[in-house]
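Visitor: Return atomic coordinates for the entry below.
(one chain, ligands or ions: 1)
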Amino acid sequence: MSPMKCPNCGSTHTVRIGVTVDESSTPAYECQDCGHRFSK
Ligand SMILES: [Zn+2]
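Guide: A predicted model of the protein is given here:
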């Protein structure tokens, strides 16, 4: 399982922080470099 790429800065230094609270409950990730949170 490869790390998620940050859509904000392009870093792959990301960690899974849980799931989003919206209806889809998709995994959420946080970039350790810029702090951007995203899900995919
Ligand atoms: Zn980033």
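Visitor: So the residue nearest the centre of the chain versus the ion, what's the distance?
Guide: The geometric centre of the chain, computed from its C-alpha atoms, lies nearest to Tyr29 (CA atoms, centre = their mean), at 2.2 Å. Tyr29 is 10 Å from the ion, where distance means CB to the ion, to the nearest Å. Where you see a C-beta, it was placed from the backbone N, CA and C, and this is true even at glycine.
Visitor: and the end-to-end length of stretch 10-29?
Guide: By CA to CA, to the nearest Å, the extent of stretch 10-29 from end to end equals 13 Å.
Visitor: make that stretch 24-40, sorry
Guide: 10 Å.
Visitor: Do I have it right that Gly18 meets Tyr29?
Guide: No. Using CB atoms under 8 Å, Gly18 makes no contact with Tyr29, being 9.3 Å away.
Visitor: what's the neighbour count on Arg16?
Guide: For Arg16, the count of nearby residues is 13 (other CB atoms under 10 Å).
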